[in-house]
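**Student:** just a sequence and a predicted model for now, questions to come.
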Amino acid sequence: MPQDAILKVIAEYDRDPREEKIDLGVGVYRDASGNTPVLGTVKKAEQILVDTQSTKSYLSSSGADEFNSAIQALTFLGADFQSDRITTLQTPGGSGSLRIAAGVILRANDDMSIWAGDPTWANHIPLLGSAGIAMKSYPYYDAGNKQLLFDEMLDAINEIPAGDIVLLHGCCHNPTGLDLSEDQWRAVTDVVASRGLLPFIDLAYQGFANGLLDDNFGVRHMFENVPEMVVSSSCSKNFALYRDRIGSLSIVSRDAATSSIVRSQANNIVRTMYSMPPDHGAAIVSQILADSALRAEWEGEVGVMRDRLKSMRSLLGAAMREKTPDHDFTQFERGHGMFSFVGITPEQVERLKLEFAVYMVGSSRINVAGITSANVEHLANSIAAVL
C-alpha cells in the first residue's frame, strides 16, 4: 500500500539535517517552543488517579458512565440535552467514533450514502467508506478564490435524497480552516430538516475556534431542530490526549425506545470490533470535568492554545502581506483552528521542501501550530520564493 501522506512528511522531516526546517504537516498542537506538551490539568488528574484508582479491570463496551455523562454535557454544552434520546459511547479516539457510527448506520440502512464536503478531512472517506458506506461529495471550498462555497453547498444539500447523511465539521474545518457562521448553520439546518436528511457532525476541535460554547453552536442548533443526528467528538486536541486515544460517539434518536435499540446495536458492534475501549484517557477527562477547579484551569489551558493559533494565523497573514502584496493570503486570518490551505501547487510544495526545508502535505494544507515567531520570516520568504 502507498505510504500515508502525513506519515511520509513526518519521516522526511525527521531525516532532514537542516536547522531551519519547519514541520507544518502533522496535526498536533505545538507551543511556541515547538513542543506538544502534556497539559498541567492532565498531570494533576493523572496523579489523582495514581493515588485513588483501585482497579484496572475491564470497562463495559460503552465505556465509563462518568465519562459518557461528562463528555455528553460538553458536546451539547448550552443545549437542553438531558434527554433519553441520546446514546453516548466512549470510543478509541475520534477515529474509533467514526467507525462505530459507520457500523450503526449500515445496520440501520445499508442503502444510504454519506455526503462529505469537498474537501474534507483526508481520513473521513477511508474510515467511513472502507466500512462499506457509499461516499459522495458536495461543494465546500473554492481553492482559486480561497472562499467557502456556501451557496453551492446549500444548493447541493437541497438535492440530496431524503434519508441520506450530511457530514459536517462542527468547527475548525480540516483542512480549510473556514467554518460555517451561525446564520449559515441555521440555513443548513433548515434544509436538512425539511429534506429529511441525517446530520453527522464531526466535532474534533471544540474550544479551538472561539470557545467551548461558541464552537458547538452547530451541534446545539441541529439538536434543537432535527429528530435524529450523529455527533463524533475527540479529546485529542482540547485535552492534548493524542496517544491516549479518547473520543466519544453520541447518537440522537427520535424517541427513547429507538435510542435503546441504537445503544444495543452500537454496543454489539463494539463487542465484535475491540470489545471495550481503553480507560486511561477517559478517566483523566472525567476527573478534569468533574472537579470545578480543575475544569476552570483546563478551560484556561484551552484558551491559551486557542489564542496561540489565532496569533500565528495573524502573524503569517501579516508576513505574507508584506512579502507578497500582489497575492491574497487572507484565508489564514479568516480561518479558525489548526489548519489552512496555503493555496500553492504540489510542485511548489515540493520546492518548499527541497529548497527551503519547509514541510507540508502535497495539497498545501498546513498546521499553523507549527509556526512560531522565530520561523515565520523564513516561512513567508520561502512561500514568496516559490510563487
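**Tutor:** Alright, I've got the coordinates. Owing to the predicted nature of the structure, the values given are computational and were not obtained by experimental measurement.

**Student:** hang on, R107 in a helix?
**Tutor:** Yes. Counting by DSSP: H, G, I helix; E, B strand; the rest coil, R107 is found in a helix.

**Student:** that one: what's its closest spatial neighbour, skipping adjacent residues?
**Tutor:** In this structure, R107 finds its nearest non-sequential neighbour in Q265, 5.4 Å apart by CB to CB, 6 or more residues apart in numbering. Heads up, the C-betas are built off the backbone N, CA and C, glycines and all.

**Student:** distance-wise, check that neighbour relative to I48.
**Tutor:** Taking CB to CB, to the nearest Å as the criterion, Q265 is separated from I48 by 35 Å.

**Student:** now name the helix or strand holding I6.
**Tutor:** I6 is part of helix 5-15, with elements assigned from DSSP states H and E.

**Student:** need the longest helix for this protein.
**Tutor:** Ranked by number of residues, the top helix in the chain under DSSP state H is helix 292-323.

**Student:** which strand or helix spans W115?
**Tutor:** Assigned by DSSP H and E, W115 falls within strand 113-118.

**Student:** can you give me the strands in the stretch 151-300 of the chain?
**Tutor:** Under the criterion DSSP state E, counting those that start in this stretch, strands of the stretch 151-300 of the chain are mapped to 165-169, 198-203, 229-234, 247-252.

**Student:** alpha carbons of stretch 356-369, as CSV, please.
**Tutor:** What follows is the C-alpha trace of stretch 356-369 in CSV, where atoms were taken according to Å, rounded to 0.1, in the frame of the first residue of the first chain:
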residue,chain,number,x,y,z
PHE,A,356,13.8,25.7,1.9
ALA,A,357,13.2,22.7,4.4
VAL,A,358,9.5,23.7,4.7
TYR,A,359,7.4,20.6,5.1
MET,A,360,3.6,20.2,4.3
VAL,A,361,1.4,17.7,2.5
GLY,A,362,1.0,18.0,-1.2
SER,A,363,-2.4,19.7,-1.1
SER,A,364,-0.6,22.6,0.7
ARG,A,365,-2.6,22.1,3.9
ILE,A,366,-0.6,23.4,6.8
ASN,A,367,-0.9,23.1,10.6
VAL,A,368,-0.5,26.7,11.8
ALA,A,369,0.6,25.4,15.2
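
**Student:** list the buried ones in it?
**Tutor:** For stretch 356-369, the buried set under the neighbour-count rule, 16 or more other CB atoms under 10 Å, comprises 356-361, 363-369.

**Student:** can you flag which of those residues belong to helices?
**Tutor:** Of these, the ones assigned to helices by DSSP H are F356.

**Student:** how about the strands of the stretch 151-300 of the chain in CSV, adding mean neighbour count, distance to L128 and mean pLDDT?
**Tutor:** Formatted as CSV, the strands of the stretch 151-300 of the chain follow (neighbours: other CB atoms under 10 Å; distance: least, CB to CB, whole Å; pLDDT from 0 to 100):
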stretch, mean neighbour count, distance to L128, mean pLDDT
strand 165-169, 25, 8, 98
strand 198-203, 24, 9, 98
strand 229-234, 26, 10, 98
strand 247-252, 27, 13, 98
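
**Student:** what residues does the helix holding I6 touch?
**Tutor:** Contact partners of helix 5-15, identified using CB atoms under 8 Å, 6 or more residues apart in numbering, comprise Q3, K21, D23, G25, V26, G27, A122, K353, Y359, M360, V361, G362.

**Student:** now do 6 Å
**Tutor:** Counting contacts by CB atoms under 6 Å, 6 or more residues apart in numbering, the residues outside helix 5-15 that touch it are D23, G25, V26, Y359, V361.

**Student:** what's the spacing between the residue in the chain sticking out farthest from the centre and E46?
**Tutor:** Centroid-distance maximum for the chain: S54 at 33.2 Å, with CA atoms, centre = their mean. When distance is defined by CB to CB, S54 is 15 Å away from E46.

**Student:** where do the helices sit along the stretch 51-200 of the chain?
**Tutor:** 65-75, 93-108, 124-129, 150-157, 182-195 (DSSP state H, counting those that start in this stretch).
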